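Enquirer: turn this into a structure:
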Amino acid sequence: MCGICGFVSNVDDKKTIIDNMMDKIAHRGPDDKGTYIDNDVALGHRRLSIIDLSHGVQPMYNETGDLSIVFNGEIYNYRQLKKDLVEKGHTFTNESDTEVLIHGYEEYGTDFLTKLRGMFAFVIWDAKEEVLFGARDYFGIKPFYYSTQNNAFVFGSEIKSILEYPGIKKEVNEEALEQYLSFQYSVLPETFFKGIFKLPAGHYMFYKNGKMEIERYFDPLMEPKQSSDLEETVSRIEEVVSDTVDAHMVADVEVGSLLSSGVDSSYVVSEFPGDKTFTVGFLDKDSKYNEIKYAEGLVEELGKKNYSKNIDSDDYFDSIESVMYYMDEPLADPSCIALYFVDQVAAEQIKVVLSGEGADEFFGGYNIYHEPISLKKYQYLPKFLRKFNAKVASILPNIKGKNFFIRGSKTVEERFIGNANMFSVKERENILKTKLTHLSPMEIVAPYYAKAGDINDIAKMQYIDINFWLQGDILLKADKMSMAHCLESRVPFLDIDVFNYAKTLPIDQRCNKEATKRAFRIAAKRHIPEATANKKKLGFPVPIRVWLKEDKYYDKVLATLTSDVAAKYFDTEILENLMKEHRAGKADNSRKIWTVYVFLVWHKVYFEDTNFVPINNDWLQKRIRTN
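Expert: Residues are numbered from 1 along each chain as shown. Purely as a prediction, here's the structure:
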């Protein structure tokens, strides 16, 4: 796991520029650094040593030196690929997975990408052809940003690195803000910084003679079977999970695992051969917001160890600015900050952790996936009658069942944009002062629904989440929060072999009336306590709604939401009313309030406080100096 950056440009003093870009992502690789500079190209690499500790320094080169690579990630099947390439005549100089990418590209070109099992974002410079090739893994586990401003191509693992390139204009992209208010994360190809973009998951790019071409090489389409034997499916899931956890243990350093109270991380912990697990919680141990008590019970049963931290409200609020610094873009998922702390706990012990992301998207685990089942009978009613009922329900007060009638009047394409849906189009247009595109969230996801075709609604929802929620929220926070502490996070469920099996599961083995992740839970029950395997999906529970009613944090957040900066973007009177309603208990506005607040904190870090230093900077500098 590392950080990469670089540029293609005829700018002067390339060495100083690439060094400054690398310094900004030193937290991604405190163990070593390296550069390649030649004519109009500069590549930079910061290394966190995981595999081949002595010889894995980058950039790396092919035998003739005309191909050079900087790589962030891990290739879990690199030994098998290396064997194939050696048989084809390629010469290797070390035992790292990085070198496999160079020779694989030489041998197979872009087709090599579909042979990889792992997480990756990398760039290869072909000096002979003067072309830059870059690629990002199937599901977007590793980030890849780029900009083509000022007749240059600039790339990096993090936006803050790109901002170090001379002439990159730092400007808020207000179109990103518009969609963020609905999705709670940065959803557009162009980031919150105008002119800086994300290479989407499952895509590769070429840059030559000032022109960039992007192609998709992988599309995570669902292909559910009509039926299959449940017992056979459960046994196969056990095999798949065992295999992927084993594959993700490839390392020359110790590997631990994050542990929540949910089935996903618990199943991983039951399978991995290590003994260190890490957990955080809020409030007291008996609170629904605290998972430490559960974790301690599970590791005792499994014969492993648990290291934990109880996060108090001051810890949480004091860390928000640092979290937004490391995230690069605002993310309104409160669990992001919990993840920051659990990764901090893990980094005190080890360099690599396993985590349970991806099982919900692949196996059908989110509670919202029940919706097509619960609405099925109601949707037999004529559409005009359902629309009428929805219209009546919309003018009623917030009574039980209101949402059922409103959502039941719509198709899945009209109601589902992913796991988060904060402000409606009408709400965000009322609250925003900036010029709007008026592009609705449904228009953003519509091309993906069109690709999904006529498959079952639950499978469509999974496909939308894999392309949006998973990339924009789940995986981004997993990468950025772990790397903030020089820690590599691995996600065994987000493995191409796991997906290729999970995509074929019959719908009733994904989700039925009784359970989400139905077949997966049955498999997990054979390895962990039944109560854990059957536990309802919670995510990282964070008591934001509680804290926002306390004087200290109510006043702090309200001051931000009514500030001059807030008034530049929002109708602050509406924001103030959201706060008052929430405190009075008239409505739970906590997530909407949090969405706006986090944007304003991010804005302060990147556009107001030019000398911002994250709270873990002293620890980080010590970590770098010791290497």
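Enquirer: other residues contacting the helix or strand bottoming out on mean pLDDT in the chain?
Expert: Lowest by mean pLDDT, DSSP states H and E among the helices and strands of the chain is helix 530-533, with a mean of 77. With CB atoms under 8 Å, 6 or more residues apart in numbering as the test, helix 530-533 has contacts from 261, 262, 263, 266, 267, 294, 298, 521, 522, 524, 525. (C-beta placed from N, C-alpha, C; glycine too.)
Enquirer: name the residues of it that are buried.
Expert: By neighbour count with 16 or more other CB atoms under 10 Å, helix 530-533 contains the buried residues 532, 533.
Enquirer: and that helix, how far out from the chain's middle?
Expert: Taking CA atoms, centre = their mean, to the nearest Å, the mean C-alpha location of helix 530-533 is offset from the chain mean by 26 Å.
Enquirer: filter the contacts of helix 530-533 down to the ones in helices?
Expert: Secondary structure from DSSP state H places 263, 266, 267, 294, 298, 521, 522, 524, 525 of the contacts of helix 530-533 in helices.
Enquirer: where is pLDDT lowest across these?
Expert: Across these, the bottom pLDDT score, 87, is held by residue 294.
Enquirer: and the ones in helices among the contacts of helix 530-533, which two are the farthest apart?
Expert: Using CB to CB, the two most remote members of these are 294 and 522, lying 20.5 Å apart.
Enquirer: all helices of the stretch 151-300 of the chain, in order?
Expert: Counting by DSSP state H, counting those that start in this stretch, the stretch 151-300 of the chain has these helices, from start to end: 159-162, 174-183, 230-247, 263-271, 292-302.
Enquirer: which one of these lies closest to residue 112?
Expert: Proximity to residue 112 (CB to CB) singles out helix 230-247 among the helices of the stretch 151-300 of the chain, at 18.6 Å.
Enquirer: distance from the chain centre to the next helix or strand after the least confident helix or strand of the chain, please.
Expert: Scanning forward in sequence from helix 530-533 by DSSP states H and E, the next helix or strand is helix 544-547. In this view, helix 544-547 has its centroid 24 Å away from the chain centroid, taken as CA atoms, centre = their mean.
Enquirer: repeat for stretch 441-449
Expert: 20 Å.
Enquirer: name the residues that touch that stretch?
Expert: By CB under 8 Å, 6+ apart, stretch 441-449 touches 179, 182-183, 187-188, 412-414, 416-418, 421, 425, 460, 463-464, 467-468.
Enquirer: ok so, going back, Serialize the contacts of helix 530-533 to JSON lines and add fields for distance to residue 81 and neighbour count.
Expert: Formatted as JSON lines, these follow (distance: CB to CB, whole Å; neighbours: other CB atoms under 10 Å):
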{"residue": "261", "distance to residue 81": "38", "neighbour count": "23"}
{"residue": "262", "distance to residue 81": "34", "neighbour count": "22"}
{"residue": "263", "distance to residue 81": "33", "neighbour count": "27"}
{"residue": "266", "distance to residue 81": "32", "neighbour count": "27"}
{"residue": "267", "distance to residue 81": "28", "neighbour count": "28"}
{"residue": "294", "distance to residue 81": "40", "neighbour count": "22"}
{"residue": "298", "distance to residue 81": "36", "neighbour count": "21"}
{"residue": "521", "distance to residue 81": "34", "neighbour count": "23"}
{"residue": "522", "distance to residue 81": "34", "neighbour count": "20"}
{"residue": "524", "distance to residue 81": "31", "neighbour count": "28"}
{"residue": "525", "distance to residue 81": "35", "neighbour count": "17"}
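Enquirer: looking at these, which is nearest residue 244?
Expert: residue 267 (11.0 Å).
Enquirer: show me the contacts for the closest one.
Expert: When contacts are counted by CB under 8 Å, 6+ apart, residue 267 is found next to 241, 356, 359, 523, 524, 527, 528, 533.
Enquirer: any low-confidence regions in the stretch 501-627 of the chain?
Expert: Scanning the stretch 501-627 of the chain for pLDDT under 70 picks out the ranges 535-541, 625-627.
Enquirer: hey, where'd the helices end up in it?
Expert: Secondary structure of the stretch 501-627 of the chain (DSSP H, counting those that start in this stretch): helices located at 507-510, 518-525, 530-533, 544-547, 551-561, 564-569, 572-584, 590-603, 617-625.
Enquirer: next one: residue 306 from residue 319, what distance?
Expert: In this view, residue 306 and residue 319 are 22 Å apart by CB to CB, to the nearest Å.
Enquirer: hang on, the earlier thing: okay if I get the ones in helices among the contacts of helix 530-533 as a markdown table plus distance to residue 616?
Expert: Listed next are those as a markdown table, based on distance: CB to CB, whole Å:
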| residue | distance to residue 616 |
| --- | --- |
| 263 | 31 |
| 266 | 28 |
| 267 | 30 |
| 294 | 27 |
| 298 | 28 |
| 521 | 37 |
| 522 | 41 |
| 524 | 34 |
| 525 | 39 |
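Enquirer: and which of the residues you listed is nearest residue 227?
Expert: Comparing the ones in helices among the contacts of helix 530-533 against residue 227 with CB to CB picks out residue 522 as the nearest, at 16.2 Å.
Enquirer: surely that closest one and residue 236 touch.
Expert: No - judged on CB atoms under 8 Å, residue 522 makes no contact with residue 236 at a distance of 11.6 Å.
Enquirer: common neighbours of these two, please.
Expert: With CB under 8 Å, 6+ apart, residue 522 and residue 236 have no common neighbours.
Enquirer: okay, residue 455: pLDDT?
Expert: 95.
Enquirer: swap in residue 116?
Expert: pLDDT for residue 116: 97.
Enquirer: residue contacts, it?
Expert: 75, 77, 81, 101, 104, 137, 496.
Enquirer: could you look up the SS state of the residue most central in space within the chain?
Expert: Nearest residue to the geometric centre of the chain (CA atoms, centre = their mean): residue 475, 1.7 Å. Judged by DSSP: H, G, I helix; E, B strand; the rest coil, the three-state class of residue 475 is helix.
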